[in-house]
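> I would like the atomic coordinates for the input below:
(chains A, B, C and D)
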There are 2 protein chains.
Amino acid sequence: MKFFGNIYYLYTKDLFKIKMKRKVTLKQISKELDVSISTVSKALRNSKEISEDTREKVQAFAKLYNYRPNNIALSLKNRKTKTIGIIIPEIVHHFFSKVIRGIELVANKQGYNVIVGLSNESFDKEVINMEMLANGSIDGFILSISKETLLQQDYHHFNETISQGMPIVMFDRVINDIKCDKVIVDDVQGSKKAVNKLVENGCKKIAIITTKDYVSVGKLRTQGYLEALDENKIHPEASLILKVDDKLVSEDYLDILEREIEHLFKSNKKLDGVFAVNELYAITAMKVARKFGKHIPNDIQVIGFTDGVLSKHATPSLTTVSQHGQKIGEKAAELLIHKLEHEDEEEQFQTIVIETELVERESTK
Amino acid sequence: MKFFGNIYYLYTKDLFKIKMKRKVTLKQISKELDVSISTVSKALRNSKEISEDTREKVQAFAKLYNYRPNNIALSLKNRKTKTIGIIIPEIVHHFFSKVIRGIELVANKQGYNVIVGLSNESFDKEVINMEMLANGSIDGFILSISKETLLQQDYHHFNETISQGMPIVMFDRVINDIKCDKVIVDDVQGSKKAVNKLVENGCKKIAIITTKDYVSVGKLRTQGYLEALDENKIHPEASLILKVDDKLVSEDYLDILEREIEHLFKSNKKLDGVFAVNELYAITAMKVARKFGKHIPNDIQVIGFTDGVLSKHATPSLTTVSQHGQKIGEKAAELLIHKLEHEDEEEQFQTIVIETELVERESTK
DNA sequence: TGTTAACACGAAAACGTTTTCGTTGCGAAT
DNA sequence: ATTCGCAACGAAAACGTTTTCGTGTTAACA
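Numbers count the residues shown, from 1 in each chain, chains lettered A, B, ... in the order given. Next comes the predicted model:
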């Protein structure tokens, strides 16, 4: 007990540290017990190279001092960190936080940690964040692409990390011709379910409130809307399609949104159905409808996309297309971890489609 | 160019890897350039020990092959990881994700990464997550305590990590007698602001919908309610205090909540003001009020706590006590990073109180 | 007695850095 | 002709592990 005796502490500079039990290392244990580092290591891993005597002695000592192997040292040695890097555009967002929860769930179960970077919808922050993590901190990425990146169509950072042997799994906002696994929802199908529901319920004039086309999911949902109309022999009308520009997240963003929707209502007096590609658009549509004295769902029926808090707790509660964010996260994590632990197998990439589900609530008949 | 020539690749097993540019290390560069590892390292750090000639040569080569120092190796050497561990009870939650955003913001600005663990309100998961991270993966914790931990009052894991020299910053749900920095909102003051507002607006019978007392913030907010009543010479009534048990997050949780609030309304016909300690309770109270044919804010005024999506987008929109989650996160990160980078300074702990703000919307007059 | 085999352990390399402390070679000063 | 000093570089340790490959001791066997 040379090292851990009280004498030692008398020599430390900072008095307050007297009560500190610094993390103990193999080397320290080996000195205490007068054996080699290798012996300690082996004893702790129950190697049968070591006699029962010393094995017990070492393990008892290690337990007493609460020895835990240093993760960083292990990472360096194994060249694996057992942590997953997540890059998402925004965390204050029901869908993304559900995805994270899903990732964390399966990652943790398999002994992985999760480290989060936020791009804040910015290309530069996306790149910087990825570079920070790609230098050894993580084993692979799970990410959803920022709007700015989608707009600029500059994907070199993805290709570079992939070519360095670091696997990526993309979800929700993905790029087709990048060599990685993908987890997406069937946006087209989901939209069709929604629009079909409205048609079934007797709607004749159905509007869509969507984003500009560079947001891939917005584009796909618009496509689903159009296809559904077509299948129901309804002629699409330009005035029924509202494409909101959500590039600028300014202060008066909400007001602008509201005014645009008001305009939509005004120019379509006979409007009796609204399909919105996200919760906010849907909620705002309901608000505007109320303003115009329309009753939901009697006069106008509304369906949203994404089953978040807003949909659940709005009044009337919102019928919506649920994308199962948590399941997306779980699947993405499974894909990534599989790839990490079977690196030898031949390279091939999957795109997994998570089924959407129409959750019916009070905003439809 | 012995190593990087094409010849090398012909010998690799996996053909698909031919296009891989594996991460390059100091050792590889040193071999290529026929200098020592030390020289390369120094050259890259612009040491004036190295001649301009070789310095340029090395830097050019490094740039060409996109050399980046390996984070893990640096962490091991410096015994600092430059990453912060966050443990929170739940991520699908507006307040917590705002806090994370705040943490990430200042952490990133200072070159730190952020690694997230979810306790899911469970004591065990909290402990396991902390142990996973405490073994070298991070430099310090920012955390909010799980309900189960608060209930069991078992704080050994906090004390242990602290005594191992790893600093902790707690936010929102904190324990007083643990030696660490804390960032809290002034729950008592916040509640008083809300209740005072209701009194000012003419409310005579003000109810509170709160949690059981083991949730520290619930207890404090209840205390604020009582103090405000007292200061306004209003006698508190037991029947106006509803303490909801949110331990079990079951399926019919919402129904139970609604029924309890209905009971509150029934047993207090003259109810004209409601203060709820979170968004959900407030929203549900508004729902129940509507059910009872009461108009908001004319018949009943409602104020909530936490300025999340629900408050903003509810109809009527909800007057609420904003806690500034993002600012809490920013402050917590500042505190932790300061402690990490001034370890020598004498130990003393701060508790920072973030002012709440009453955001007035449509649910009050 | 000499060989062998099992047993129990230690030395050292490796992961990728940084940094301290040499060690050269060479021109200048004595 | 020495000594000195400086410039330019390399060796090695250290961070904390795991693992391979010795090596010495002892017991068993021929």
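> for the stretch 151-300 of chain A, what are the low-confidence residue spans?
Flagging of the stretch 151-300 of chain A using pLDDT under 70 yields the residue ranges A:247-251.
> mind doing that once more with 80?
In the prediction, the stretch 151-300 of chain A carries residues with pLDDT under 80 at positions A:246-251.
> helix, strand, or coil at the residue of it at minimum distance from DNA strand C?
Relative to DNA strand C, the nearest point of the stretch 151-300 of chain A is residue A:165 (11.7 Å; Cβ to the nearest atom of the strand). Placement of C-beta: from N, CA and C, glycine included. Assigned by DSSP: H, G, I helix; E, B strand; the rest coil, the conformation of residue A:165 is coil.
> count the residues that sit near it.
Using other Cβ atoms under 10 Å in any protein chain shown, residue A:165 has 13 other residues around it.
> beta partners for residue A:276?
As for beta bridges, residue A:276 partners with residue A:209 under DSSP bridges.
> gap between it and residue A:286?
Distance of residue A:276 to residue A:286, computed by Cβ to Cβ, to the nearest Å: 9 Å.
> neighbour count: those two, which is higher?
For residue A:276 versus residue A:286, neighbours defined as other Cβ under 10 Å are more numerous around residue A:276 (29 against 26).
> strands of the stretch 1-150 of chain A, residue ranges please.
A:83-88, A:113-118, A:140-143 (DSSP state E, counting those that start in this stretch).
> residues contacting the residue lying closest to residue A:323 once chain neighbours are set aside?
Spatial nearest neighbour of residue A:323, chain neighbours left out: residue A:185 (4.4 Å); criterion: Cβ to Cβ, 6 or more residues apart in numbering or on different chains. Residues in contact with residue A:185 (Cβ atoms under 8 Å, 6 or more residues apart in numbering or on different chains) are A:172, A:323, A:324, A:328, A:353, A:354, A:355, A:356.
> hmm, back to that, report the set of residues contacting both of residue A:276 and residue A:286.
Common neighbours of residue A:276 and residue A:286, using Cβ under 8 Å, 6+ apart, are residue A:302.
> buried stuff in stretch A:230-243?
A:234, A:240, A:242, A:243 (16 or more other Cβ atoms under 10 Å in any protein chain shown).
> let me have those in a markdown table, adding distance to DNA strand D as columns.
Listed next are the buried residues of stretch A:230-243 as a markdown table, based on distance: Cβ to the nearest atom of the strand, whole Å:
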| residue | distance to DNA strand D |
| --- | --- |
| A:234 | 65 |
| A:240 | 64 |
| A:242 | 58 |
| A:243 | 55 |
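> which of those lies closest to chain B?
Distance to chain B across these (Cβ to the nearest Cβ) is lowest for residue A:242, with 18.6 Å.
> what segments of the stretch 151-300 of chain A are strands?
Using DSSP E, counting those that start in this stretch, strands in the stretch 151-300 of chain A cover A:168-171, A:181-185, A:206-211, A:241-244, A:273-276.
> return the most buried member of those.
Among the strands of the stretch 151-300 of chain A, judged by mean count of other Cβ atoms under 10 Å in any protein chain shown, the one packed with the most neighbours on average is strand A:273-276 (a mean of 28).
> does anything pack onto it? Which helices or strands?
Where contact means 3 or more Cβ pairs under 8 Å, 6 or more residues apart in numbering or on different chains; DSSP states H and E, strand A:273-276 is packed against helix A:187-200, strand A:206-211, helix A:279-291, strand A:301-305.
> quick one, which of the ones you listed gets closest to DNA strand D.
helix A:187-200 (45.5 Å).
> next one: the closest one to chain centre, how far?
On the basis of Cα atoms, centre = their mean, to the nearest Å, helix A:187-200 sits 25 Å off its chain's mean C-alpha point.
> ditto for stretch A:255-273
For stretch A:255-273, the separation from the chain centroid amounts to 32 Å (computed by Cα atoms, centre = their mean).
> quick check: closest non-adjacent residue to the spatially most central residue of chain A.
Among the residues of chain A, the one closest to the centroid is residue A:99, at 3.9 Å (Cα atoms, centre = their mean). Leaving aside its chain neighbours, residue A:99 sits nearest to residue A:329 (3.9 Å; criterion: Cβ to Cβ, 6+ apart).
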